[in-house]
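Colleague: structure for this input, please:
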Amino acid sequence: MSQARLHLAGRPRNAGPRVLIADDEPETLVLVRSLLEEEGIEVVGTATGGLQAVSLVDELRPDVVLMDLRMPDLDGVRATRRIMSAHPEARVIIFTIYDDPDPLRSADELGAFCYLVKGCPPSMIVEMIRRAWQHGRSGQGRSAPAAR
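Modeller: Presented below is the predicted three-dimensional model:
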């Protein structure tokens, strides 16, 4: 049994969200991870590229993926498409510097739960991760109204 599957097997049923952060900026990974862990949210992994994010979702099965749009090797839109195709139960939150409607519309069409623009209040990041997790647990559809 892989370490990822072993970790899932021993997980309490009411535990909080398990999150994967995908961003090509090391500073963003460190800051967001720290924020989430301070709030009691488990960060199961980080990815610095889209291909790595897809692979880690396959292995670790996070509840929520915080996905940057602009990454090397596979952008966030294509990575989200692959993740949602293989793991429709996952909730993807697009986390981007872009406030341009085109990438955001693409994210919505992929079934991302919502998008957040980098620079939003940290409390909004935490709140949307918790909402995405609850939304997934309740068996509702994939997406929620956009948050900015």
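Colleague: only C-alpha atoms from now on, for both contacts and neighbour counts.
Modeller: Will do.
Colleague: how about low-confidence regions in this protein?
Modeller: 1-14, 99-108, 139-148 (pLDDT under 70).
Colleague: mind listing the helices for this protein?
Modeller: 3-9, 26-38, 50-60, 76-86, 101-110, 122-137 (DSSP state H).
Colleague: show me the one of these that comes nearest L116.
Modeller: L116 lies closest to helix 122-137 among the helices of the chain, at 7.4 Å (CA to CA).
Colleague: and the residue most central in space within the chain, what does it touch?
Modeller: For the chain, the residue nearest the mean C-alpha position is V65 (1.4 Å; CA atoms, centre = their mean). By CA atoms under 8 Å, 6 or more residues apart in numbering, the contact set of V65 is V19, L20, I21, A22, A90, R91, V92, I93.
Colleague: one more time with 6 Å, if that's ok
Modeller: V19, L20, I21, V92 (CA atoms under 6 Å, 6 or more residues apart in numbering).
Colleague: beta-bridge partners for it, please?
Modeller: L20, V92 (DSSP bridges).
Colleague: could you measure from it over to C114?
Modeller: Note on V65: its distance to C114, by CA to CA, to the nearest Å, is 11 Å.
Colleague: one more: E25?
Modeller: For E25, the distance to C114 equals 21 Å [CA to CA].
Colleague: which of these two has more neighbours?
Modeller: Counted by other CA atoms under 10 Å, E25 and C114 do not tie: C114 has more neighbours, with 24 against 14.
Colleague: wait, that one touches R91, no?
Modeller: No. At 8.9 Å, C114 and R91 do not qualify as touching, with contact defined as CA atoms under 6 Å.
Colleague: rewinding a little: reformat the helices of the chain as JSON lines; add mean neighbour count and distance to R70.
Modeller: Below are the helices of the chain laid out as JSON lines (neighbours: other CA atoms under 10 Å; distance: least, CA to CA, whole Å):
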{"stretch": "helix 3-9", "mean neighbour count": "12", "distance to R70": "27"}
{"stretch": "helix 26-38", "mean neighbour count": "14", "distance to R70": "13"}
{"stretch": "helix 50-60", "mean neighbour count": "20", "distance to R70": "9"}
{"stretch": "helix 76-86", "mean neighbour count": "21", "distance to R70": "6"}
{"stretch": "helix 101-110", "mean neighbour count": "16", "distance to R70": "10"}
{"stretch": "helix 122-137", "mean neighbour count": "18", "distance to R70": "18"}
